[in-house]
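Colleague: starting from these lines, generate the structure:
(one chain, ligands or ions: 2)
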Amino acid sequence: MNLFSTREMPSPSSLFSAYASMAASIMLFRSMANELIPQPVRGYVLSAIKYVFKTHSPKLTLVIEESSGMSRNQVYEAAEVYLCTKISSNTERIRVSKSPKGKNLTIRLEKGEKLVDFYEGIELKWKFLCTDSKQNNPNDPSPRSEKRYFELTFHMMHKEKVLGCYVPYVLERADAMKDEERVLKMYTLNANYPYNGIKWESINLEHPATFETLAMDQELKNAVIDDLNRFVKRKEFYKKVGRAWKRGYLLYGPPGTGKSSLVAAMANYLKFDVYDLQLANVLRDSDLRKLLLGTANRSILVIEDIDCTVDLPDRRHTDGKKQHDVQLTLSGLLNFIDGLWSSCGDERIIIFTTNHKDRLDPALLRPGRMDMHIHMSYCTYHGFKLLASNYLDIHNHHHLYGEIQDLLKETEVTPAHVAEELMKSEDVDTALEGLVKLLKRKKLEGDECEAEAEKKTAAKRQKTGNQQKKSVRNNRRIATKRSSKRLSARNPNLY
Ligand SMILES: Nc1ncnc2c1ncn2[C@@H]1O[C@H](COP(=O)(O)OP(=O)(O)OP(=O)(O)O)[C@@H](O)[C@H]1O
Ligand SMILES: [Mg+2]
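Modeller: Ligands and ions are numbered 1, 2, ... in the order given. This next block holds a predicted model:
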């Protein structure tokens with residue numbers, strides 16, 4: 001795709017030598033002019049010469065138009081975004097807007113505005129221009145009459161550097177800035193399905209969870225972040241080894257340990273949209289395929305509570321047998337995820353969550369299916385300190401910390417429960433005292449449960465013991481009976 005058109009394109013070396021010889025001639029002419037030309041006309045003559053010199057200066061101008069053919073010009077779009085960070089005190093007019101769903105103000109150059117950027121010592125002059133195409137060509141049939149473009153001017157000798165490094169840098173910076181500004185989307189099934197056909201409906205994903213706010217084992221958190229970083233960087237690697245560019249995560253743990261929060265943290269970290277696939281609501285394999293094909297690249301597909309959302313019949317049950325009423329099969333899901341879905345898109349992440357890993361179908365747990373199994377566990381002391389600093393702004397030691405640490409070792413309490421307790425008061429002491437009470441109560445419940453369980457086990461043991469004794473007694477009785485029968489058979493006179 002030709003993204004630029006250029007003006008004045010003679011070779012750099014020929015222009016440079018022309019420039020040098022012209023500069024030398026002007027110097028010579030200036031010294032002669034001082035002697036030969038009278039003072040009043042000297043300035044006029046010199047400025048006329050400068051004008052001629054200027055029109056021949058070895059500058060190159062890239063013209064970056066808004067569209068290239070039928071599609072938008074990516075360099076133009078990138079320049080629009082990038083240049084709003086370069087607006088200086090010399091800029092006189094800028095355009096400001098905000099869309100209803102946008103997070104921040106959008107700032108753009110106004111037509112006719114110029115600005116200067118520097119890249120590795122190279123001076124780059126930008127200018128934003130609009131021309132009325134109807135004025136130039138009254139027969140132009142296009143309804144829009146305004147043609148918008150940027151001009152980027154620099155010294156001809158930097159042509160390679162600008163095209164090879166600076167323009168890619170502008171594209172990259174603009175991508176990063178767009179990512180920062182982007183409002184993430186959360187897609188769910190449309191409300192009128194199945195009457196209206198299946199499709200995704202989106203709302204803004206404004207879940208504030210981030211890796212910083214997530215209470216989880218620090219090593220595990222770092223491992224997840226490293227894994228995500230490696231994944232997004234490895235486009236070429238996946239291509240080289242012939243694998244679809246996708247990554248699967250299985251998040252498991254009790255309710256309230258942060259599985260959904262981790263999904264949101266991943267989405268916020270990568271700036272990926274989230275597709276929340278409620279399997280229980282999908283009736284047929286064909287609908288599932290349609291949904292999966294409707295997901296975009298650079299997105300996260302989440303299937304929550306995989307153990308209980310839907311009773312997916314597995315391959316063994318459907319093979320050769322009558323199809324179930326619900327026509328969605330586990331094989332349909334897994335085949336599609338491994339096959340067509342992942343090979344027709346890029347940078348796909350799929351996440352399954354469950355409260356009961358042990359109840360999952362082995363087909364889901366097979367090596368190679370989910371790349372990383374992440375255990376979200378009950379609140380640890382480290383997790384509690386993070387929550388305390390987030391919820392109560394406590395950054396130093398507190399006299400209740402020791403007690404809380406001991407209690408947390410002996411209780412199973414979820415981060416969700418701890419967080420809820422910390423939210424009950426803005427006063428640090430009151431909130432922490434409330435948490436201590438909660439933990440003590442939980443410990444007591446745990447102890448009681450344990451005692452109850454022990455009692456049950458003891459009773460069971462006793463019952464089994466009694467049964468065993470009874471059966472031993474029975475066995476003995478039978479054995480005695482048999483032996484006396486045998487004896488009486490051998491010596492009938494004795495009995
Ligand atoms: N690890 C955590 N770190 C920080 N906050 C947490 C964590 N776990 C839970 N929370 C808090 O509890 C709320 C509920 O947690 P979340 O929905 O992520 O749990 P879950 O594991 O997905 O539960 P479920 O299994 O019921 O879906 C979150 O909105 C968050 O405020
Ligand atoms: Mg959840």
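
Colleague: next, the residue nearest to Ile198 when sequence neighbours are not counted: secondary structure please.
Modeller: Nearest non-adjacent residue to Ile198, counting by CB to CB, 6 or more residues apart in numbering: Asp287, 4.5 Å away. All C-beta spots, glycine's among them, are computed from the backbone N, C-alpha and C. Here Asp287 is helix, with the state taken from DSSP: H, G, I helix; E, B strand; the rest coil.

Colleague: okay, Asp287: pLDDT?
Modeller: At Asp287, the pLDDT value in this model is 84.

Colleague: can you check Phe272 too?
Modeller: Per-residue pLDDT puts Phe272 at 94.

Colleague: list the contacts of it.
Modeller: By CB atoms under 8 Å, 6 or more residues apart in numbering, the residues touching Phe272 are 184, 266, 298-300, 347, 349.

Colleague: show me the shaky parts of the stretch 251-400 of the chain.
Modeller: 308-328, 342 (pLDDT under 70).

Colleague: which element is the residue in it that ligand 2 sits nearest to on?
Modeller: In the stretch 251-400 of the chain, the residue that lies nearest ligand 2 is Ser260 (3.2 Å; CB to the ion). Secondary structure assignment for Ser260, by DSSP states H and E: helix 259-270.

Colleague: now do Lys460
Modeller: Secondary structure from DSSP H and E places Lys460 in helix 428-490.

Colleague: what mean pLDDT does that helix have?
Modeller: Rounded mean pLDDT across helix 428-490 is 78.

Colleague: so Asp179 belongs to a strand, correct?
Modeller: No - Asp179 is assigned helix when assessed by three-state DSSP, not a strand.

Colleague: how much space between it and Val232?
Modeller: 11 Å (CB to CB, to the nearest Å).

Colleague: does the spatially closest residue to His373 that is not a sequence neighbour count as helix, strand or coil?
Modeller: Residue nearest to His373 in three dimensions, not counting chain neighbours: Leu250, with 4.8 Å by CB to CB, 6+ apart. Recorded secondary structure, Leu250: strand (three-state DSSP).

Colleague: could you dump the contacts of Phe272 to TSV with neighbour count?
Modeller: Converted to TSV, the contacts of Phe272 look like this (neighbours: other CB atoms under 10 Å):
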residue	neighbour count
Leu184	20
Met266	25
Arg298	15
Ser299	21
Ile300	25
Glu347	19
Ile349	23
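
Colleague: now do the strands for the stretch 1-150 of the chain: every range, in order, please.
Modeller: 5-7, 59-65, 67-68, 71-72, 94-97, 106-109, 114-119, 122-132, 146-155 (DSSP state E, counting those that start in this stretch).

Colleague: for Tyr193, find the nearest of the ones you listed.
Modeller: Nearest to Tyr193, of all the strands of the stretch 1-150 of the chain, is strand 71-72, at 33.0 Å by CB to CB.

Colleague: I'd like to know which residues of the stretch 101-250 of the chain are adjacent to ligand 1.
Modeller: 213-216 (CB under 6 Å from any ligand atom).

Colleague: return the closest of those residues with respect to ligand 1.
Modeller: Ala215 (3.6 Å; CB to the nearest ligand atom).

Colleague: ok, that closest one touching Pro415?
Modeller: Yes - contact criterion CB atoms under 8 Å: Ala215 and Pro415 qualify, at 4.6 Å.

Colleague: overlap in contacts of these two?
Modeller: Common neighbours of Ala215 and Pro415 (CB under 8 Å, 6+ apart) are 258, 379, 383, 387.

Colleague: just checking, which of those belong to helices?
Modeller: Taking DSSP state H, the ones among those that sit in helices are 383, 387.

Colleague: let me have the shared contacts of Ala215 and Pro415 in JSON lines, extended by distance to ligand 2 and neighbour count.
Modeller: Formatted as JSON lines, the shared contacts of Ala215 and Pro415 follow (distance: CB to the ion, whole Å; neighbours: other CB atoms under 10 Å):
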{"residue": "Gly258", "distance to ligand 2": "8", "neighbour count": "24"}
{"residue": "Cys379", "distance to ligand 2": "16", "neighbour count": "25"}
{"residue": "Gly383", "distance to ligand 2": "17", "neighbour count": "23"}
{"residue": "Leu387", "distance to ligand 2": "17", "neighbour count": "22"}
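
Colleague: filter the shared contacts of Ala215 and Pro415 by proximity to ligand 1?
Modeller: By CB under 6 Å from any ligand atom, the members of those lying near ligand 1 are Gly258.

Colleague: quick revisit: wait, the residue nearest to His373 sits on Arg366?
Modeller: No - in this structure, Leu250 is not within contact of Arg366 by CB under 8 Å, at 11.3 Å.

Colleague: and these two? which has more neighbours close in?
Modeller: Set Leu250 next to Arg366 and count neighbours by other CB atoms under 10 Å: Leu250 wins out with 22 against 10.

Colleague: for that one, name its beta-bridge partners.
Modeller: Leu250 has the following beta-bridge partners by DSSP bridges: Phe352, His373.

Colleague: ok, it - contacts?
Modeller: By CB under 8 Å, 6+ apart, the contact set of Leu250 is 351-354, 357, 364-365, 370, 372-374.

Colleague: just those now: which is nearest ligand 1?
Modeller: Thr353 (6.5 Å).

Colleague: which stretches of the stretch 101-250 of the chain form helices?
Modeller: Listed in chain order, the helices of the stretch 101-250 of the chain (DSSP state H, counting those that start in this stretch) span 133-136, 159-161, 167-181, 218-233, 235-240.

Colleague: what's the closest of those to Pro58?
Modeller: Of all the helices of the stretch 101-250 of the chain, it is helix 159-161 that lies closest to Pro58, at 9.9 Å by CB to CB.

Colleague: contact residues of the chain facing ligand 2?
Modeller: With CB under 5 Å from the ion as the criterion, the chain comes near ligand 2 at residues 259-260.

Colleague: can you pull the contacts of the residue of the chain found nearest ligand 1?
Modeller: Closest contact between the chain and ligand 1, by CB to the nearest ligand atom, is at Gly258 (2.7 Å). Contact analysis of Gly258 by CB under 8 Å, 6+ apart lists 209, 214-216, 376, 415-416.

Colleague: give me the number of residues near Ala264?
Modeller: Neighbour number of Ala264 under other CB under 10 Å is 23.

Colleague: then the one 3 residues further on?
Modeller: Here the count is done by other CB under 10 Å, and Ala267 has 23 residues near it.

Colleague: got a list of what it touches?
Modeller: Here Ala267 is in contact with 184, 205, 207, 273-274, 300 (CB under 8 Å, 6+ apart).

Colleague: hmm, 10 Å instead?
Modeller: 184-186, 205, 207, 209, 273-274, 299-300, 302, 349, 351 (CB atoms under 10 Å, 6 or more residues apart in numbering).
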